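Q: no FASTA, just this:
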């Protein structure tokens, strides 16, 4: 009876796993198949297996027909800049909120928590109005000048997304559980608040930094609505709006799958690399995954 | 020189005052223990000396310099925390050298001072280990080593032995006392364990409710507690107290009726409390004798007997309602359920008025007991 129950449980898990893995496997396998093979395999298990006439033609077509490498480079720049800056800014604010005493601290914390429930879609229009009026600082004829607006640039896709209330709260939760004795010992050792953050708190907070890095990476890599609104030209376009442009042209499903597989690879690589720390941190921070 | 002087020190959290104007002089090289029950303010006071808590009112002088508003790191103090507070991502060497690194000390000098401290505390084989690879006692030694490296004027210990098992606690107690005799720095030590206070201190400061109850050498506090609280707190097991009726009083004596009905006369300074009708008589468990050689004999009903090998604790009831503890030497033949007689001498009794203040004249403190434990060990 117990063995049957176990078998049933495994079958159920396999089914769930299949539901989640099927789209991913179908996408990757189809990216290596010609159009007619994709449709021939569609209703069989072959759809998710590397069988039949496998080819790299779809990828070749993607690189020829679109500026995917440029988009990819833009996404890498935007994502890495936002993640690195975000780790610094969000963790520093969380540090001051959780470990320093200053007037108004509770109100700022309340504001951070309140901001967590506001979706980006709700503020995207006012944000667009704001950045369209913000000038960039440039260098012309030997002096600093104010130029144009932030629109159609990489920074318009980075700076508004550096600070994130959810990540601040994640850091806050983690930092709050670190005993205060460490700060006080370091304070007696002559460390400034920033040195306490840099030398004591940050090295002890690896899991939460890994978690926030992954979540922020996913958030930035998958940005779609904002780049569509804030970027019109090709130069600053990231990969996700690029898919829409590519889809709008005359393309085959195999090429679309190749494009999608190509832009999904970094996400998979980052997640698999940090999976262990990510899961342990979610458990440690008392947050359900 | 590193005297520590607290002048009318007050601590308030909002409207709540937790330390009520404390005056205290700690001399250079003294080992002072703050002792008291939970919530008495001993740790707060230590943290105020350390600079980890602001001083609301009053002044703090260290080494004749007013440091009331000086940052913790500039007061010349180092602290050992109850939790050790060793940085888990650093090796023992890095932990010990962190303070010097923050002070931008030359690397060679950091190494020299860490090695020297490690030698004093026998930590050399552990220098490259992380804290998680150390035992509780080793961690405690590293925490002490971290303070030694900085060569502070004043060492502060906040219940450093609380997390250790009983055997290790005794061992570390001796090590800290030895360290004091070796370094001869001023040390302030906080504990709620009066045995630690009695065995380590040159001077004990007994605190209650944010006030100092009494300051003195361990034996001075044991022999001459100024009030009922100190009498009950110092000494283990704690002193027994009985309410007694005052039958007659003169300027220098009281005639009392004990709960068992026996009448006795004791020398007492009653000038502060004329017209008393009731007083409290205190007698330490170790001053109750199994033989009948004492001046006063009392009959008790034995509830529990604890044989500790070297001594026996007898938990009993006196006159039906008064609970008392008796400590006898060796293995006592007394058994649970027995009714037996014990005796005591009146000169070993303490008397307290209705406000809890002592009515007995101070007994002379033997000279040899005034020598600090640390000095005795070094001698």
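A: Yep, it's here. These figures come from a predicted structure and were not determined experimentally. Numbers count the residues shown, from 1 in each chain, chains lettered A, B, ... in the order given.
Q: Going by C-alpha atoms from here, please, whenever you check contacts or count neighbours.
A: Will do.
Q: burial count for residue A:143?
A: 7 (other Cα atoms under 10 Å in any protein chain shown).
Q: Okay, buried residues for stretch A:197-206 please.
A: Of the residues in stretch A:197-206, those buried by neighbour count under the rule 16 or more other Cα atoms under 10 Å in any protein chain shown are A:197, A:199-202, A:204-205.
Q: hang on, I meant stretch B:87-96
A: For stretch B:87-96, the neighbour count (16+ other Cα under 10 Å) marks B:87-88, B:90-96 as buried.
Q: same deal with stretch A:229-248?
A: So for stretch A:229-248, counting by 16+ other Cα under 10 Å, buried means A:230-231, A:236-243, A:246.
Q: what distance separates the start and the end of it?
A: Start to finish, the residues bounding stretch A:229-248 are 17 Å apart (Cα to Cα, to the nearest Å).
Q: Please tell me how far that stretch is from the chain's geometric centre.
A: Averaged C-alpha coordinates place stretch A:229-248 at 17 Å from its chain's average position (Cα atoms, centre = their mean, to the nearest Å).
Q: How about the residues of chain B by chain A?
A: B:50, B:52, B:72-74, B:77-79, B:81, B:83, B:85-89, B:98-100, B:102-103 (Cα under 8 Å from any Cα of the partner chain).
Q: Now the buried members of those.
A: Buried among those by 16+ other Cα under 10 Å: B:50, B:52, B:72-73, B:77-79, B:81, B:83, B:85-88, B:98-100, B:102.
Q: In strands, which of these appear?
A: Using DSSP state E, the subset of those located in strands is B:77-79.
Q: For chain A, which residue occupies the most central location?
A: When Cα atoms, centre = their mean is applied to chain A, the residue found nearest the centroid is residue A:218 (2.0 Å).
Q: Contact partners for it?
A: Taking Cα atoms under 8 Å, 6 or more residues apart in numbering or on different chains, we find residue A:218 in contact with residue A:267.
Q: where's it, which helix or strand?
A: Assessed by DSSP states H and E, residue A:218 sits inside helix A:206-221.
Q: Also residue A:63?
A: Assigned by DSSP H and E, residue A:63 falls within helix A:57-65.
Q: quick check: angle from the following helix or strand past that helix to helix A:57-65?
A: Going down the chain from helix A:57-65, the next helix or strand is helix A:68-99, by DSSP H and E. Helix A:68-99 and helix A:57-65 are oriented at 90 degrees to each other (axes from the mean of the first three to the mean of the last three Cα atoms, to 10 degrees).
Q: For burial, what's the neighbour tally of residue 262?
A: The chain I'm using is chain A. Neighbour count of residue A:262, defined by other Cα under 10 Å: 19.
Q: That was the other one, I meant chain B.
A: Neighbourhood size, residue B:262 [other Cα under 10 Å]: 11.
Q: Same check on residue A:140?
A: Residues near residue A:140, counting by other Cα under 10 Å, number 10.
Q: Is it bridged to anything, and to what?
A: Assessed by DSSP bridges, residue A:140 has beta-bridge partners residue A:143.
Q: any idea how far residue B:110 is from the residue of chain A found nearest chain B?
A: Closest to chain B within chain A is residue A:189: 4.2 Å, counting by Cα to the nearest Cα. Remark: distance between residue A:189 and residue B:110 (Cα to Cα) = 13 Å.
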